[in-house]
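Colleague: what's the 3D shape of this:
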Amino acid sequence: MLPALRALDYDMTAERIRKAAQWLVVRQNADGGWGESCASYMLASAAGRGESTPSQTAWALLALIAAGGAELEVAIRRGLDYLVGSQRSDGTWDETAYTGTGFPGYGVGARLPLDDPDLFEKLQQGPELSRGFVIGYNLYRHYFPMIALARARDGKRSLRRVG
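Modeller: Take a look at the predicted model:
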């Protein structure tokens, strides 16, 4: 969303943009990457939390690069380090996690409360699919990191390792 707003010449110094960027910074993993799982549809505390993946790291980087600003430079460099450090010698990335998101309410057409005593009967499945599901898109792990690295390069950001 932030890259789209930048493309539309939205004011990237606006409070809501800075708040969105800081939300990402706070959720950056110790390894410099970002990740999320389907649990974010179940628990608000899981939003933006999970094992780092190349595609999800790239998405966070694309947003932070679009937001810009000196206060984001360290997070951006750490994210770039994650991508460069996890890149294989053939230029690709490994990613075993499913990172494409399905639609909440899939299968029942509505979001059901998890404490509904008739939940299992209504769903005829476990509650995990009532809020969202993930899909494996094999190419996400390749083209999103490449786009993020290119945007960083175009923005004259250093690809040198931090620390």
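Colleague: burial of Glu71, as a residue count?
Modeller: For Glu71, the number of neighbouring residues by other C-beta atoms under 10 Å comes to 12. Using the backbone N, CA and C atoms, a C-beta is placed for each residue, glycine as well.
Colleague: wait, is it part of a helix?
Modeller: Yes. Using DSSP: H, G, I helix; E, B strand; the rest coil, the secondary structure at Glu71 is a helix.
Colleague: how close does Ile76 get to Trp93?
Modeller: When distances are taken as C-beta to C-beta, to the nearest Å, Ile76 and Trp93 turn out to be 18 Å apart.
Colleague: which of the two has more residues huddled nearby?
Modeller: Relative neighbour count places Ile76 above the other of Ile76 and Trp93, with 25 against 20, counting by other C-beta under 10 Å.
Colleague: sketch out the helices for this protein, chain order is fine.
Modeller: Under the criterion DSSP state H, the chain carries helices at the ranges 2-7, 15-26, 54-67, 73-86, 119-123, 140-154.
Colleague: by mean pLDDT, show me the worst of the ones you listed.
Modeller: Taking each of those in turn, the lowest mean pLDDT turns up on helix 119-123, with a mean of 68.
Colleague: just say which of the helices of the chain is most tucked in.
Modeller: With neighbours taken as mean count of other C-beta atoms under 10 Å, the helices of the chain reach their highest mean count in helix 54-67, at a mean of 24.
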